[in-house]
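Enquirer: no letters, just coordinates:
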RNA sequence: GCCCCCAUAGCUUAAUGGAUAAAGCACCUGCCUUCUAAGCAGAUGAUCCAGGUUCGAUUCCUGGUGGGGGCACCA
């Protein structure tokens, strides 16, 4: 939180010279690599017009104000103010950084977030593409919690409906070695599950086959997610909302509020009218709630499930969906609004489709037998670390082409190893230090220590991790963290090649550098941890 | 036809409206007697097109072009 503290401090100083409305646009950012400064602000540029002053003049004034408070700053370019921090600042920062709760932001304390993701139908093994959503959701939840929000992960299990019936019938056919029903589930996995059925299943009713199949497939999903280091706080079964009679209650409430009408023997939700007043992003047509055969649509059930999320106390509800479901978003927002909720508290992260490149062929993710690539296959062949880092590297908006042959064959080229290698190398530095009699945790006085550019660069990078996490929260995507870790790793490897940490002839330097190594190691371990990637001591 | 997403280096991708657009792969040149060469140092190489807003646009807006996805009384 040192960046936010510094921003707060500078803002307080500036508040004596600028009106509050102009101060709102003040923030610090990390200067680009070729600028030798520790923090910079475009404040002078952004308020020049409002203040009716030349930006460079304003920037000069800023520097004078800061200099009076002993903050070193200079003007550069068109009006950037670049701040240089004292060496002592970095040592103080390093002492705090490794402490627990460094990233906890009190402003996030009231954010009670529910993330729903993967939620694959329990009718077959998890597809590779589920790994993408699982990575995004889990890493995002980890980052949110690290930053002081309360985020919970949920997996919605569609354990009722036609597909479940069909699954049971398909399993039964496999068990009795009969022809599969039309539109039945073709996958070989049902043969394996049939083998687990007891002999008396011969006399089971169809529903029991369904329940058995779902139970077995859920076990697979849970195992896959566990091995992928994704822990759901709850596996919410759709049958639960029916036991609680929630869809009927939702339906009644919509009717009572005049939001539902009857047409052609079905009940409709006026979603287009409901969203029309919102202007943009309205639903383009009304949606059926109860079909003319008397059954609920998926939408009505799902709306009641989403309202139940709010009833459980969550004030921010986030779904992660594939791009093929984006059309679903406006009607859900309209539904939440009609139910008296706040549509702005509901966010859908749409991730674009993952395409699989195998050989020269680009496959759409598909459940057809020949094209189906299970997540399990990739986990076993490439490993969780490489998979998770690879999937979290991209923004959800990227139309990713996943070259599966490359991923398997050349997994060593995955940048995850470059980052993990930092952790392993620092670990052996500590071992070496210990052998030479240095105690890395020893408190020492570094007030006279002059940081060289590489040392300063490492501590500066660690300092800015805080802002990277802010960007992840803002964009609801962990991918900024991957880029950050690769950059930090690059700085470290370069430092490592140029400077030696353990030097018995220079105790002050050794202890100072050990503190830096501790800081870098903590940044790497924390960052990798947030991505669900391990930080090995040896490689 | 309408809606959403995308277009950056040979390939896969980064870049809160900011300063000299950043990495990896591929390719080329050097570097292991020193805390792990899964590494380092260096060379080559890019913002789809046309307007607009702005002190400043890869980023925002409009219009093209090209690609992906979606437009069910399915779930």
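Expert: Okay, I see it. Quick caveat, the model's predicted, so the values are computed rather than measured. Residues are numbered from 1 along each chain as shown, chains lettered A, B, ... in the order given.

Enquirer: the bottom helix or strand of chain A by mean pLDDT?
Expert: One helix or strand of chain A scores below all others by mean pLDDT, DSSP states H and E: helix A:271-276, with a mean of 66.

Enquirer: how about residues contacting whichever helix or strand comes after that one?
Expert: Tracing the chain past helix A:271-276, the next element assigned as helix or strand by DSSP states H and E is strand A:287-290. With contacts defined as CB atoms under 8 Å, 6 or more residues apart in numbering, strand A:287-290 is touched by A:251, A:254, A:260, A:266-269, A:271, A:296-297, A:299-300, A:331. No exception for glycine: its C-beta is placed from N, CA and C like everyone else's.

Enquirer: among those, which are in helices?
Expert: Among the contacts of strand A:287-290, the residues falling in helices (DSSP state H) are A:251, A:254, A:271, A:299, A:300, A:331.

Enquirer: can you name the residues that contact the first one?
Expert: Spelled out, it's residue A:251. By CB under 8 Å, 6+ apart, the residues touching residue A:251 are A:260, A:267, A:289, A:290, A:296, A:300.

Enquirer: how about the residue in chain A sticking out farthest from the centre, phi and psi?
Expert: Within chain A, the residue lying farthest from the chain centre (CA atoms, centre = their mean) is residue A:203, at 46.9 Å. Per-residue torsions, residue A:203: phi -100, psi 10 (degrees, to the nearest 10).

Enquirer: quick check: chain neighbours aside, which residue is closest to residue A:95?
Expert: Using CB to CB, 6 or more residues apart in numbering and skipping residues adjacent in sequence, the residue nearest residue A:95 is residue A:515, 7.7 Å away.

Enquirer: that neighbour against residue A:96, yeah?
Expert: No. Counting by CB atoms under 8 Å, residue A:515 does not reach residue A:96; the two are 11.7 Å apart.

Enquirer: between those two, which is the more surrounded one?
Expert: More neighbours surround residue A:515 than the other of residue A:515 and residue A:96, with 24 against 12 (other CB atoms under 10 Å).

Enquirer: how much space between that one and residue A:448?
Expert: Separation of residue A:515 from residue A:448 (CB to CB, to the nearest Å) stands at 15 Å.

Enquirer: same question, residue A:503
Expert: Going from residue A:503 to residue A:448 by CB to CB gives 17 Å.

Enquirer: more neighbours, these two?
Expert: residue A:503 (15 against 8).

Enquirer: quick one: the closest residue to RNA strand B within the stretch 351-500 of chain A and residue A:517, what's the gap?
Expert: Using CB to the nearest atom of the strand, the point where the stretch 351-500 of chain A gets nearest to RNA strand B is residue A:428, with a distance of 2.4 Å. Distance, residue A:428 to residue A:517, by CB to CB: 11 Å.

Enquirer: the two: which has the busier surroundings?
Expert: Between residue A:428 and residue A:517, counted using other CB under 10 Å, the more crowded position is residue A:517 (24 against 12).

Enquirer: that one contacts residue A:501, doesn't it?
Expert: Yes. Assessed by CB under 8 Å, residue A:517 is found in contact with residue A:501 at 6.0 Å.

Enquirer: which neighbours do the two have in common?
Expert: The contact sets of residue A:517 and residue A:501 overlap at residue A:429 (CB under 8 Å, 6+ apart).
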